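Student: Give me a model of this one.
(2 chains)
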Amino acid sequence: GAGVSQSPRYKVAKRGQDVALRCDPISGHVSLFWYQQALGQGPEFLTYFQNEAQLDKSGLPSDRFFAERPEGSVSTLKIQRTQQEDSAVYLCASSRTGLEGNTIYFGEGSWLTVV
Amino acid sequence: GQQLNQSPQSMFIQEGEDVSMNCTSSSIFNTWLWYKQDPGEGPVLLIALYKAGELTSNGRLTAQFGITRKDSFLNISASIPSDVGIYFCAGHGGAQKLVFGQGTRLTINP
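Tutor: Numbers count the residues shown, from 1 in each chain, chains lettered A, B, ... in the order given. Model (predicted):
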């Protein structure tokens, strides 16, 4: 596709439920990022992939959060046993190489509400 | 986590007015970026700055990379209704991840 595509756009989960959020980066983009954006805040870094390798996961808030990109294209962010504080917009982004100077393109986000 | 200090948090202006917002950091950044986010959308890149002291324009937008590499500003001239939204500064400090400011919410009164 022309841009970064995320699904689902909106997800309501009951507390304790597992959720999976999908990201289709721009075709050919090597680097893929996940960010979490709480209401009224700027995005905060979660994790970063270069092809299929997860090079930085320092932003994942707990071991309930897990991300993968097994074939170096599509990525899935999984949240286990969701809690209310997980409610946020989860933004996926990609760039051609990940180097500074390469534009990072964001998707529209997956809006997660935990009730 | 680490964040940039962005101000003002919100602005209410009349159409046609100029707008100025800025970001400061305690850390040095190699790249400063300015994004705009509309409701229900992801951030869209407006301007990227790569060198200290650099002044870059994109239409009615002008941004500068501070000489100390710890600050940046964004100016919007002659604001129009479609400028409404939330503006974020972001910095690249050498790691792959971006660090974002808290955002400036711009509202324009017709």
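
Student: So which residues of chain A form strands?
Tutor: A:5-7, A:10-13, A:19-24, A:31-37, A:44-50, A:53-56, A:65-68, A:75-79, A:88-95, A:105-106, A:110-114 (DSSP state E).

Student: mind checking how far the residue nearest to B:Phe100 when sequence neighbours are not counted is from B:Leu49?
Tutor: The shortest distance from B:Phe100 to any non-neighbouring residue, by CB to CB, 6 or more residues apart in numbering or on different chains, is to A:Gly42 (3.3 Å). Where you see a C-beta, it was placed from the backbone N, CA and C, and this is true even at glycine. Counting by CB to CB, to the nearest Å, the gap from A:Gly42 to B:Leu49 is 18 Å.

Student: What residues does chain B have near chain A?
Tutor: By the rule CB under 8 Å from any CB of the partner chain, the part of chain B lying against chain A is B:1, B:3-4, B:6, B:30-31, B:33, B:35, B:40-45, B:48, B:50, B:88, B:90, B:92, B:94-103.

Student: can you rerun that using 10 Å?
Tutor: The interface of chain B toward chain A, taken as CB under 10 Å from any CB of the partner chain, is made up of B:1-4, B:6, B:9, B:29-31, B:33, B:35, B:37-38, B:40-45, B:48, B:50, B:86, B:88-90, B:92-103, B:105.

Student: residues contacting B:Cys23?
Tutor: B:3-7, B:29, B:32, B:34, B:63, B:66, B:70-74, B:87-91, B:100-102, B:104 (CB atoms under 10 Å, 6 or more residues apart in numbering or on different chains).

Student: partners of A:Thr113 in the sheet?
Tutor: A:Val12 (DSSP bridges).

Student: hang on, the earlier thing: quick one, phi/psi of the residue nearest to B:Phe100?
Tutor: phi -80, psi 160 (degrees, to the nearest 10).

Student: A:Thr97 contacts A:Leu32, correct?
Tutor: No. Using CB atoms under 10 Å, A:Thr97 makes no contact with A:Leu32, being 11.7 Å away.

Student: Could you name every residue contacting both of the two?
Tutor: Common neighbours of A:Thr97 and A:Leu32 (CB under 10 Å, 6+ apart) are A:Gln50.

Student: of these two, who's got more company?
Tutor: Neighbours per residue (other CB atoms under 10 Å in any protein chain shown) separate A:Thr97 from A:Leu32, with A:Leu32 holding more: 29 against 11.

Student: Just the pLDDT at the most centrally placed residue in chain A, thanks.
Tutor: Nearest to the mean C-alpha position of chain A, counting by CA atoms, centre = their mean, stands A:Trp34 at 3.3 Å. Here, the pLDDT recorded for A:Trp34 equals 97.

Student: quick one, what contacts it?
Tutor: A:Trp34 sits in contact with A:21, A:23, A:43, A:45-49, A:57, A:59-60, A:65, A:67, A:69, A:75-77, A:90-93, where contact means CB under 10 Å, 6+ apart.
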